[in-house]
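> I would like the atomic coordinates for the input below:
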Amino acid sequence: RIESYSCKLAGDDKHRFKQFCQEGRPHALEALSPPQTTGVSPSRLGKSQGGEEECPLSDTCSRKTLFYLMATLTESFRPDYDFSSARSHEFSREPSLNWVVNAVNCSLFSAVREDFKALKPRLWAAVDEEICLAECDIYRW
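Numbers count the residues shown, from 1 in each chain. Below is the predicted model:
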């Protein structure tokens, strides 16, 4: 089952967002952790402050995006987990849709084996129809 989540704040979420914004401006940028993928492309490397070593560049997101990430996770796992105290460094932005699709495919194939071959095209078509994958930023917690 696939469910979409609206990013329109209402009720308790609107109140929590106002409280969250008291800690900083909603459009201020927060540093994210580097992606947890097994390889880092050369375009994602930068010089350290000393200028000699290369290190992964950290992505950023606005505090508003951070709030949406936390609220979506909280709603998805309610009532068992509350992500309202998560911090930006606990999230990373995935650099590639293809990498994410392949990782999900591998996980699902290992769980259901051959049955996944028939499910895979329908699964990704349904997800793409719902959220237009090519237009998405993908985050990991």
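> where does the protein have its least confident helix or strand?
None of the helices or strands of the chain scores lower by mean pLDDT, DSSP states H and E than strand 45-47, at a mean of 43.
> in the protein, which spans are helices?
Using DSSP state H, the helices found in the chain span residues 11-21, 63-77, 97-112, 115-131.
> now render those as CSV, adding mean neighbour count, distance to F83 and mean pLDDT.
Every residue, glycine included, has its C-beta placed from N, CA and C. Listed next are these as CSV, based on neighbours: other C-beta atoms under 10 Å; distance: least, C-beta to C-beta, whole Å; pLDDT from 0 to 100:
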stretch, mean neighbour count, distance to F83, mean pLDDT
helix 11-21, 13, 11, 87
helix 63-77, 18, 4, 91
helix 97-112, 13, 20, 94
helix 115-131, 12, 20, 94
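> let's have the ones you listed in a markdown table, adding distance to A28.
Listed next are the helices of the chain as a markdown table, based on distance: least, C-beta to C-beta, whole Å:
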| stretch | distance to A28 |
| --- | --- |
| helix 11-21 | 10 |
| helix 63-77 | 5 |
| helix 97-112 | 27 |
| helix 115-131 | 26 |
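> looking at those, spot the one closest to S88.
Evaluated over the helices of the chain, closeness to S88 peaks at helix 63-77, with 5.5 Å, by C-beta to C-beta.
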